[in-house]
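In: A predicted structure for the sequence below; I have some questions about it.
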Amino acid sequence: MEKLQSTVECDKLRIRKGFIVCPVCKQPTNQAVRPDTSAQNLQLWCRNCKAVHVVNIDLGQCYVISRCQ
């Protein structure tokens, strides 16, 4: 059986003009982040490259915890 998720060692995501930047294609996603935003295990989908990432957001800082393939 194939592994559905590969672990990425908590890479920090970039934010450009208030939107999370996809770590694969480097294009902004539709997910906006404010300085007070918090989320655990949020699925982040990129409309450009169709990649899905599970991220944690803590006080505006975004971290990739895994990538779904």
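Out: Cool, the structure landed.

In: how about the helix or strand hosting Ile65: buried residues?
Out: Using DSSP states H and E, Ile65 sits in strand 61-68. For strand 61-68, the neighbour count (16 or more other Cβ atoms under 10 Å) marks Cys62, Val64, Ile65, Ser66, Arg67 as buried. The way it works is simple: take the backbone N, C-alpha and C, and place the C-beta from them, glycine included.

In: do stretch 46-63 as well
Out: Result for stretch 46-63 [16+ other Cβ under 10 Å]: buried residues Cys46, Ala51, His53, Val54, Val55, Asn56, Ile57, Cys62.

In: so who does the first one touch?
Out: What it means is Cys46. Cys22, Val24, Cys25, Gln27, Thr29, Val52, His53 (Cβ atoms under 8 Å, 6 or more residues apart in numbering).

In: switch to 7 Å and redo it
Out: Applying Cβ atoms under 7 Å, 6 or more residues apart in numbering to Cys46 gives the contacts Cys22, Val24, Cys25, Gln27, Thr29.

In: Please look at the first one and Cys49 and confirm they touch.
Out: The one in question is Cys22. Yes - at 6.3 Å, Cys22 counts as touching Cys49 under the criterion of Cβ atoms under 7 Å.

In: I'd like the buried residues of strand 61-68 laid out as a markdown table, including pLDDT and distance to Lys17.
Out: Formatted as a markdown table, the buried residues of strand 61-68 follow (pLDDT from 0 to 100; distance: Cβ to Cβ, whole Å):
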| residue | pLDDT | distance to Lys17 |
| --- | --- | --- |
| Cys62 | 76 | 14 |
| Val64 | 81 | 20 |
| Ile65 | 78 | 24 |
| Ser66 | 74 | 26 |
| Arg67 | 72 | 24 |
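
In: related to what we said a few turns ago, what strands line up against the strand holding Ile65, and which way round?
Out: Using DSSP bridges, the strands paired with strand 61-68 are strand 5-12 (antiparallel), strand 52-58 (antiparallel).

In: Lowest average pLDDT across those?
Out: Comparing the strands paired with strand 61-68 by mean pLDDT, the weakest confidence falls on strand 5-12, with a mean of 57.
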